[in-house]
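Peer 1: mind folding the following:
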Amino acid sequence: MSDKSIIKTEAEDSLDDELGFMGQIKQRLVGRTRGFASEQSGSMIIFALVIFMMVLLATGMAIDFMRHENMRTRLQATLDRAILAAADLDQTNDPEAVVEDYFAKSGLSNYQLDVDVSEGLNFRTVTANATSTVDSMFLNMAGIESIDAPAGGTAEERINNVEVSLVLDISGSMDSNNKIENMQTAANEFVDTMITADTKDLVSISVVPYTGQTNAGAVLFDSINVDQVHSYSHCVELDASDFTSVPFNPLKQYKQMQHYEYSSAFYGSSSNYEIQNPWCSDKAYEEIQPFKNDNASLKNVINSYEPRSATGIHYAMKWAAALLDPSMRSTVNSLIDTGAVDPVFRGRPAAYDDEETVKAIVLMTDGMNVDQYRINDWAYNSVSEYAHWSQFTLWYYLYNYVRSSSRSNYYNRVHNSTEADERLDDICEASRVNGIVVFTIGFEIINNAAASAVMSRCATSSSHFYAVEGVEISDAFGAIARTINQLRLIQ
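Peer 2: Residues are numbered from 1 along each chain as shown. Below you'll find the model as predicted:
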């Protein structure tokens, strides 16, 4: 064998060896690959990682939403305070500037604010909307870079047309414990709260003082059909049926109240028999003051009151309600024509369904109704008898000039205190049915359960009844004034 043959054989053997080694490597790689493909020991790790990422994203989303809600709550709270302050009609600063100032001092940042103000003579409405952008900390992983936190609201203070009948007790029991003085202070504050420079063209107050009866005054007296028999005073007699409705009946002729004094002053000088405190007052300042809006004149009248005589709440309440009834419109217009009432009140009282008008009665008393007595008709039916009883108190004359056995023939009880309370209940109910808001103040009657019950029944609700002592009467009148002129968040 030649050398070349030997070399070729060795080369072939070497090549065969290399090919066999590569085949072994290939076979091993294929086997390992097949094993890896069927391996399952690492699959739970991958699943756990996926779940972890989902939990992390959900937790992050919750944190971002919580940050968003916190910002929205802060925005809304700041906005509510701001618009309430800006809508206040007593606010002298620019309403929009007030809202902006609240936000500037709130510590909030990155917000947008839009303020709209609408106002007129008797109202101010402030509407505001605010938005703040909350940058995402985790939601950006879901492609949400930020969330807008919105807030909005409207606040309004509106002083509607207000018609108030202010009913004040000036009976003899008001002479004790500084009650008349405390009442006058409280009533004056009520007048000043209700009637301001901004509201005097909108708010009318009719003051109705009362003792045993209520002196309407000549103009109001003449506005209804009364059989007038004397000119000493101007009170109207009313039957039980007259208290079941608010207005006076235009088809009925009413009887004039007698002018006399039911007094127990028996002895003494001639001055003791002269009338001092007739059941129907003849004093001009005790006449009803209808539809007034002048603070000074109202307070002057209130400050002139002096305690005297008895208590007839139901008569005053009837007049207070009637003065709010549209049937009084022609009378108010006549008073305007004579200069007694401001022309801005022409057309008042407004209709009951007028949405722009609030009608309210504020009834104050320190006691209870009393029995009502009158002189019998046979002794009170001529000009001379009218004149006689306008000079002599009833009991002075009876004790000094009439036999004891005949004295009871001169007078009679037309109704007792219980019947008076029932008539008061009726007119209070009639007022409420017509939409008149009735506030009542029981002044120093806390220990008088019956009087408290009468006043509570009369009020629109238990929250409209105030039982107060001493100077607390100012708090009651103030609370009532604020209720009528309340500021409210309307959205």
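Peer 1: CA only for contacts and neighbour counts going forward, please
Peer 2: Fine.
Peer 1: show me what contacts the residue lying closest to residue 170 once chain neighbours are set aside?
Peer 2: In space, and not counting its chain neighbours, residue 170 is closest to residue 307: 4.8 Å by CA to CA, 6 or more residues apart in numbering. Residue 307 makes contact with 170-175, 180, according to CA atoms under 8 Å, 6 or more residues apart in numbering.
Peer 1: could you flag which of the residues you listed are buried?
Peer 2: 170-174, 180 (16 or more other CA atoms under 10 Å).
Peer 1: ok, which stretches of this protein are strands?
Peer 2: Under the criterion DSSP state E, the chain contains strands at 111-119, 123-135, 146-158, 161-169, 203-210, 226-227, 254-255, 289-292, 357-365, 372-375, 411-415, 437-443, 465-468, 488-489.
Peer 1: buried residues in the third one?
Peer 2: The neighbour-count check on strand 146-158 (16+ other CA under 10 Å) flags 146-147, 149-158 as buried.
Peer 1: format the residues you listed as CSV; extra columns: distance to residue 239 and pLDDT.
Peer 2: Below are those laid out as CSV (distance: CA to CA, whole Å; pLDDT from 0 to 100):
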residue, distance to residue 239, pLDDT
146, 76, 65
147, 72, 69
149, 66, 74
150, 63, 85
151, 59, 86
152, 57, 90
153, 53, 91
154, 50, 93
155, 48, 92
156, 45, 87
157, 43, 82
158, 40, 74
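Peer 1: between these, which is nearest residue 132?
Peer 2: residue 149 (5.1 Å; CA to CA).
Peer 1: what's across from that closest one in the sheet?
Peer 2: residue 132 (DSSP bridges).
Peer 1: from residue 113, how far out is it?
Peer 2: Residue 149 sits 12 Å away from residue 113, taking CA to CA, to the nearest Å as the criterion.
Peer 1: start and end of stretch 283-290, how far apart?
Peer 2: For stretch 283-290, the end-to-end distance is 16 Å (CA to CA).
Peer 1: in it, what's buried?
Peer 2: Here stretch 283-290 shows 285-290 as buried, counting by 16+ other CA under 10 Å.
Peer 1: please apply the same query to stretch 204-220.
Peer 2: 204-217, 220.
Peer 1: pick out the most distant pair among those.
Peer 2: 204 and 212 (25.7 Å).
Peer 1: what sits against residue 386?
Peer 2: Contacts of residue 386 (CA under 8 Å, 6+ apart): 230, 258-259, 380.
Peer 1: possible to save the residues you listed as CSV with pLDDT, neighbour count and distance to residue 437?
Peer 2: Output for the contacts of residue 386, formatted as CSV (pLDDT from 0 to 100; neighbours: other CA atoms under 10 Å; distance: CA to CA, whole Å):
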residue, pLDDT, neighbour count, distance to residue 437
230, 96, 16, 36
258, 97, 24, 32
259, 96, 27, 33
380, 97, 19, 40
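Peer 1: closest one of those to residue 433?
Peer 2: residue 258 (32.0 Å).
Peer 1: test my guess that the closest one contacts residue 374.
Peer 2: Yes. In this structure residue 258 lies within contact range of residue 374 using CA atoms under 8 Å: 7.3 Å.
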